[in-house]
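model this:
(one chain, ligands or ions: 2)
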Amino acid sequence: MNYTLVMSINKFQHKFVANFKCINLTCGAEYSLKDIIYTCSKCNSLLRVNHNISELKKVSASDWKEVFKERAASFDFPNNSGIWNKREFVLPEIKTENIISAGEGKTHLFNSKRLAKELKLSSLYVKQCGVSHTGSFKDLGMTVLVSQVNQLISEGIKIKAVACASTGDTSAALASYAAIAGIPTIVFLPANKVSKAQLIQPVSNGAKVISVDTDFDGCMKIVQEVSKEAGIYLANSMNSLRIEGQKTISFEISEQLNWQVPDWIIIPGGNLGNVSALGSGYEMLYELGLISKLPRIILAQAENANPLYISYQKEFKDFKPIEAKKTLASAIQIGNPVSVNKAIDTLKKFNGIVEQASEIELSDASARADLHGLYNDPHTGVALATLFKQIEKNNIKEHDSVVIISTANGLKFTEFKTAFHEKKIEGINPKMVNEIISCKADISDVMGVIKSVT
Ligand SMILES: *Cc1c(COP(=O)(O)O)cnc(C)c1O
Ligand SMILES: [Zn+2]
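Ligands and ions are numbered 1, 2, ... in the order given. Presented below is the predicted three-dimensional model:
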């Protein structure tokens, strides 16, 4: 690598530090990253990871870009990870030997040219966060959280197990990363509310899987109680270490677009950690001069689990938790989102919009984009339906550029995709169905079929 550049980074390395800081501006209490703490002990607000920005600024934006570019080309640990090749922006004080990585990040930014043309957009990209180790963006945050836990354990801090409540993807990611590190894992899942693939992932990785007869919000309450027990470490996204990893979504999109910023980014949200991660990543790049404008962010919710959409209708003047109804977008079936205050801050800063999608809208949108070569999970379907609705409402205009955050791999949702094409989704009459043609093993029968479809 460029020698003077390495020297310049090394010169400041010891000053790249971070701590936890309360998000409540009138409080602003700070804590060490070595503390096992999830919310402010003074005012109970959420915490964020706070970086020494003035030191990071001493390396120029163009030098950072060059360092990241060179590292991104490497196959070697830890630069083979899209998180750890930007470690100074994520968790500067991690020791390399404590990093628990599965080569996460570095996901493809799918250029959906034909759909962009159909929609009269200048460009439409889909960030494929689900093409990852456990099949969702949750890997990005979990590598950071588990690495930090691993570092704490190496320093003699007693942690018996890591635990989380989940709508399916968080538990899959936690179980895998903790298994890599050899840390015992407990996961709480709402009974019958996650896909088969999501359920069997943590089982396979040896986690204690506890299926609870409640919804996600109920599981979240339980795990918060459990983690008050000494030695049980909470791995939900109220733990801001997760957000530090997830914010690299913004870094990667920016790199992949040659440091240009799209007009719009659409992201599906449930517990609302990821939208604040997206915003936090863009803010950091902007502050450090790596980009020169900010995108507008649209948060997409399922109509059946839409507490933020309701609050947005009243300009966020108040927020009331709801009881989320069943939705095909099961990973965002959340009525009492833990990170709501962070999300509202982000949406205000990014001139944001909240949109919702009904069950039929999310299903059809997912299938429509599949016909352009994607294989969308229902949450990406919610984001895609939001794109179509916002174009219709003329908020997103002709020649705008859009990035959709795809949060999970469609392969985790075979039940959803099969039921759709078999027209077996209750209460839904989908438009985009592609039925399988059965035929005898007889050439004239086959020719008959081919004639009827061409
Ligand atoms: C977790 C998850 C979300 C929602 O992210 P939040 O940070 O909870 O808003 C969306 N889609 C999928 C597939 C997820 O697993
Ligand atoms: Zn506080």
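
Could you list the low-pLDDT ranges of the protein?
Segments of the chain classed as low confidence (criterion: pLDDT under 70) are 1.

Let me see the ranges of the strands in it.
Counting by DSSP state E, the chain has strands at residues 18-22, 30-31, 47-51, 109-111, 123-128, 161-165, 185-190, 208-212, 232-234, 264-268, 296-302, 353-357, 401-406.

Output those strands in TSV; the columns should cover distance to ligand 2 and mean neighbour count.
(Each C-beta comes from the backbone N, C-alpha and C, glycine too.) Listed next are the strands of the chain as TSV, based on distance: least, CB to the ion, whole Å; neighbours: other CB atoms under 10 Å:
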stretch	distance to ligand 2	mean neighbour count
strand 18-22	3	20
strand 30-31	9	15
strand 47-51	8	21
strand 109-111	37	15
strand 123-128	33	23
strand 161-165	23	26
strand 185-190	27	24
strand 208-212	31	16
strand 232-234	18	21
strand 264-268	27	27
strand 296-302	25	27
strand 353-357	26	24
strand 401-406	29	26
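
so what's the residue lying closest to residue 399 once chain neighbours are set aside up against?
Spatial nearest neighbour of residue 399, excluding adjacent residues (CB to CB, 6 or more residues apart in numbering): residue 122 at 4.7 Å. Residue 122 makes contact with 116, 399-401 under the criterion CB atoms under 8 Å, 6 or more residues apart in numbering.

on that earlier part again, which one of the strands of the chain lies closest to residue 245?
If you check each of those against residue 245 by CB to CB, strand 47-51 wins as the nearest, at 10.1 Å.

Quick one: residues in contact with that closest one.
Under CB under 8 Å, 6+ apart, the answer for strand 47-51 is 16-23, 30-31, 33, 37-40, 89, 91-92, 240-241, 243-244, 280, 284, 342.

what does the stretch 1-150 of the chain have sitting close to ligand 1?
When proximity is defined by CB under 6 Å from any ligand atom, the stretch 1-150 of the chain lies next to ligand 1 at 136, 138.

how about 5 Å then?
Taking CB under 5 Å from any ligand atom as the contact definition, the stretch 1-150 of the chain meets ligand 1 at residue 136.

in the stretch 1-150 of the chain, what residue is nearest ligand 1?
Residue nearest to ligand 1 within the stretch 1-150 of the chain (CB to the nearest ligand atom): residue 136, separated by 4.7 Å.

hang on, that residue packs against residue 407?
Yes - the pair residue 136 / residue 407 is scored as a contact, 6.1 Å apart, by CB atoms under 8 Å.

anything in contact with each of those two?
Residues touching both residue 136 and residue 407 (CB under 8 Å, 6+ apart) are 129-130, 169, 331.

what's the burial count for residue 229?
Close neighbours of residue 229, defined as other CB atoms under 10 Å, add up to 10.

And residue 437, by the same measure?
By other CB under 10 Å, neighbour count at residue 437 equals 10.

residues touching it, list them.
Contact partners of residue 437, counting by CB under 8 Å, 6+ apart, are 449, 453.

how close does it get to ligand 1?
Plainly put, residue 437 is 32 Å away from ligand 1 if you go by CB to the nearest ligand atom, to the nearest Å.

show me what contacts residue 222?
Counting by CB under 8 Å, 6+ apart, residue 222 has contacts 165, 188, 212, 214.

do the same with residue 453
Neighbouring residues of residue 453 by CB under 8 Å, 6+ apart: residue 437.

how near is it to residue 439?
11 Å (CB to CB, to the nearest Å).

Quick check on the contacts of strand 47-51: which are buried?
16, 18-23, 31, 33, 37-40, 89, 91-92, 240-241, 243-244, 280, 284, 342 (16 or more other CB atoms under 10 Å).

Which members of those residues occur in helices, if any?
Using DSSP state H, the members of these that fall in helices are 89, 240-241, 243-244, 280, 284, 342.
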